[in-house]
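Participant: Just need the structure, nothing else, for what follows:
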Amino acid sequence: MRTKSIMRKKITRNNNAGFTLIELMLYASLVALLTLGIASFWDITVQAGLKDKSISAVEEEGGFAAQVIADKIQSARGICSPDSSGEDLSTLTLDSNCAVHTDEYVFFSLDNGKLTMSLGGDDIYLTDARVYISSIHFINTGGVSIEYSFTLESESYSADSSFGYSKTFSGGGTIRE
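Facilitator: Numbering: from 1, shown residues only. The predicted model follows:
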């Protein structure tokens, strides 16, 4: 009889001694799934932030550059180049006297993918290092009118270049004579 009570005590102790192997595996699986879910959510959030950063850089820089070009065309007194109707160049020169440049001299060009505006010889970058211009066109549409278009692309914010964004900006204007 005494052996039966000892056996009962041993059985009781073993049942209350801790977690079973199945319980431990279940808890480990739940923790792994929870960690995987959090990591996936974090990755999606980071990717969305990088994409937004690319779009924002292109929109801001492109809008600013397009506005400056349009303003300078409308306030110009003469088009030096492209000087003939239908001519398409990657540069634009505006001045009231094309033979001898005055202090109203404005020249738009590309410098290593950055849009540069020269005002009387002083260079001003209209775009920064976050973006680059892959193509630009200035077209003389009839002596006193200029149309422009440029494609602006964002620099990649990641190693796999999957967050790049590009947009073509276009517009035009007529000079005041």
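Participant: looking at the chain, which helix or strand is least sure?
Facilitator: helix 2-15 (a mean of 56; mean pLDDT, DSSP states H and E).
Participant: so what's the residue nearest to the spatial centre of the chain scoring on pLDDT?
Facilitator: Geometric centre of the chain, nearest residue: Ser54, 2.1 Å, by Cα atoms, centre = their mean. Ser54 is assigned 88 on the pLDDT scale.
Participant: Excluding chain neighbours, give the residue nearest to Tyr27 in space.
Facilitator: Phe19 (7.6 Å; Cβ to Cβ, 6 or more residues apart in numbering). To be clear about C-beta, it is placed using only N, CA and C from the backbone, and glycine gets the same treatment.
Participant: Check that neighbour and give its pLDDT.
Facilitator: At Phe19, pLDDT is 81.
Participant: how deep is it tucked in, by neighbour count?
Facilitator: Using other Cβ atoms under 10 Å, Phe19 has 10 other residues around it.
Participant: So Val131 sits against Ile55, correct?
Facilitator: No: using Cβ atoms under 8 Å, Val131 is not in contact with Ile55; the gap is 10.9 Å.
Participant: Show me which of those two is the more surrounded one.
Facilitator: Val131 (25 against 14).
Participant: residue contacts, that one?
Facilitator: 57-58, 61-62, 152-155 (Cβ atoms under 8 Å, 6 or more residues apart in numbering).
Participant: Out of those, give me the two with the largest separation.
Facilitator: Spatially, the most separated pair among those is Gly62 and Glu155, at 13.8 Å (Cβ to Cβ).
Participant: Comparing those two, which shows the higher neighbour count?
Facilitator: A count of neighbours by other Cβ under 10 Å puts Gly62 above the other of Gly62 and Glu155, at 23 against 16.
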